[in-house]
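Colleague: quick one: sequence plus predicted model below, questions after.
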Amino acid sequence: MNDIEIRSRRAAARLAEEADREGLLDVAYGFADSPFGRLMVAMTPRGLVRLDYPDRDVDLSLQALASEVSPRILEAPNATDDVRRELEEYFAGKRRRFTVRVDLSPVFGFRRKVLEQTARIPFGSVSTYREVAERAGSPRGMRAAGNALGSNPVPIVVPCHRVLRSGGALGGYTGGLDRKVTLLRLEGVLEG
Amino acid sequence: MALTKRDAAGKKRTQAAAHPPLEVAAQADGRARRASRIPPFQSFLDEHRMLVYRFLLGAVGPGEADDCFQETFLAALRAYPKLQSADNLRAWILAIATRKAIDAARGRTRRPEPVADMAELLAEQARPHLAVEAEGVDPLIDEPLWSDILALPPRQRVALVHRVLLDRPYAELAAAMGCSVDSARANVYQALKKLREAWTNRERH
């Protein structure tokens, strides 16, 4: 790394703070460690807008945010401190409820209602696709509810892992079934 | 089949809805309100920060390069969502940087005193752009010469940095400076002429 590389990198890092002060930072992102690896955390002024498992491509994710929310996107680790801390506590078994606000504004209609209902399922308990669909206003919308949960932009915090099949089978999961099992064990729903 | 039943309309329904594969779901959800090809600002910044910094270092000197860099990218960030196309983002950011550099140079009294690490920094950036790779002292890092460059009128200095240090063609230079190719050429010419004069005068002393 030469000097211009270092200096321009430092100046670029400072830009996020300046942009935030001027109200020009629409999406700030950073990374949080987890038992699953490094999660990408994206915030808007309204709250957590995206939480990605490590196997999702960061560039694609940011590109999606650029068109769905705003292209004013900068890496700003400070802006993600609260989420990082709460996730850390959650994975350490010291937190049962997230207090960070969630920004579901890029999600519309029934999908959004499904996510809102899912957000109300408490730590340590589970619901079913049928139940969530019902509460979201469409008793026959199980499959659509499954789709909505499958594309949950903020897994873990909006706990789609707490939604199972009616018969008690696990169903699917955004980040792979192993992760669903890990989260349900952490919450004491499944035996470890 | 245990998992299938018939509802009132006689339609077959699958009782258990499983998650679809994630990528499919993400695409189905793709409610892009506009087909924006504008990249996330961070990618744009990553791609152009070194070029802009190198330009500003030459155009305003290390003392003000940082502030000018912030002003340049903040101005870009402000206008960013209104951009119609992602073509030629490099020319766009260079034009903003050029404007900021000229403003900065105009807004202060001349300070032809080169900062200590100037020579070192410029040596590093000048080398790949120079055809001459002479061993020993590179004339471009000679400090008196740099004090002469910093003493040039803003537009001439900016033109010189674009042309000589960054090796940009005149058309690009004109676009960045918001002037004609002839005018860009004239600015570089005047800058070089002044530098030669200063250089020659110095040799006489």
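Modeller: Yes, it's here.

Colleague: all the helices of chain A, residue numbers only.
Modeller: Secondary structure of chain A (DSSP state H): helices located at A:3-21, A:58-68, A:81-91, A:109-118, A:129-135, A:142-150, A:177-186.

Colleague: go on, chain B?
Modeller: Using DSSP H, helices in chain B cover B:22-28, B:41-60, B:62-79, B:89-106, B:118-126, B:143-150, B:154-160, B:170-177, B:181-204.

Colleague: could you see whether chain A lies near the third one?
Modeller: Yep, that's helix B:62-79 we're talking about. Yes: Helix B:62-79 is in contact with chain A by Cβ under 8 Å from any Cβ of the partner chain, via B:65-66, B:69-70, B:73-74, B:77-78. Every residue, glycine included, has its C-beta placed from N, CA and C.

Colleague: so how far is B:F55 from the spatially most central residue of chain A?
Modeller: Taking Cα atoms, centre = their mean, the centroid of chain A lies closest to A:V154, which sits 2.1 Å from it. According to Cβ to Cβ, to the nearest Å, A:V154 stands 40 Å off from B:F55.

Colleague: count of neighbours near B:V158?
Modeller: Around B:V158 there are 29 other residues, counting by other Cβ atoms under 10 Å in any protein chain shown.

Colleague: follow-up on the earlier one: so which of the helices of chain A is the most packed in?
Modeller: helix A:142-150 (a mean of 24; mean count of other Cβ atoms under 10 Å in any protein chain shown).

Colleague: quick one on the thing from earlier: make JSON lines from the helices of chain B and add distance to A:V100 to it.
Modeller: Formatted as JSON lines, the helices of chain B follow (distance: least, Cβ to Cβ, whole Å):
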{"stretch": "helix B:22-28", "distance to A:V100": "23"}
{"stretch": "helix B:41-60", "distance to A:V100": "22"}
{"stretch": "helix B:62-79", "distance to A:V100": "25"}
{"stretch": "helix B:89-106", "distance to A:V100": "34"}
{"stretch": "helix B:118-126", "distance to A:V100": "42"}
{"stretch": "helix B:143-150", "distance to A:V100": "49"}
{"stretch": "helix B:154-160", "distance to A:V100": "46"}
{"stretch": "helix B:170-177", "distance to A:V100": "43"}
{"stretch": "helix B:181-204", "distance to A:V100": "52"}
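
Colleague: and those helices, which one is worst for confidence?
Modeller: Mean pLDDT is lowest for helix B:22-28 among those, at a mean of 37.

Colleague: quick check: the residue of chain A nearest chain B.
Modeller: Nearest to chain B in chain A, going by Cβ to the nearest Cβ, is A:G172, at a distance of 2.8 Å.

Colleague: quick check, A:T118 in contact with A:C160.
Modeller: Yes: the pair A:T118 and A:C160 qualifies as a contact (Cβ atoms under 8 Å) at a distance of 5.6 Å.

Colleague: overlap in contacts, the two.
Modeller: A:149, A:152 (Cβ atoms under 8 Å, 6 or more residues apart in numbering or on different chains).

Colleague: any low-confidence regions in chain A?
Modeller: Applying pLDDT under 70 to chain A picks out residues A:1.

Colleague: mind redoing it with 90?
Modeller: A:1-4, A:166-169, A:171-172, A:174-176, A:191-192 (pLDDT under 90).

Colleague: of the residues of helix B:62-79 next to chain A - the most surrounded one?
Modeller: Result: B:F73 is most packed of those (other Cβ under 10 Å), 29 neighbours.

Colleague: how near is it to A:A16?
Modeller: Counting by Cβ to Cβ, the separation of B:F73 from A:A16 is 10 Å.

Colleague: partners of A:A32 in the sheet?
Modeller: Beta-bridge partners recorded for A:A32 (DSSP bridges): A:L39.

Colleague: that one contacts A:L87, doesn't it?
Modeller: Yes: the pair A:A32 / A:L87 is scored as a contact, 5.2 Å apart, by Cβ under 8 Å.

Colleague: fine, thanks again, bye for now.
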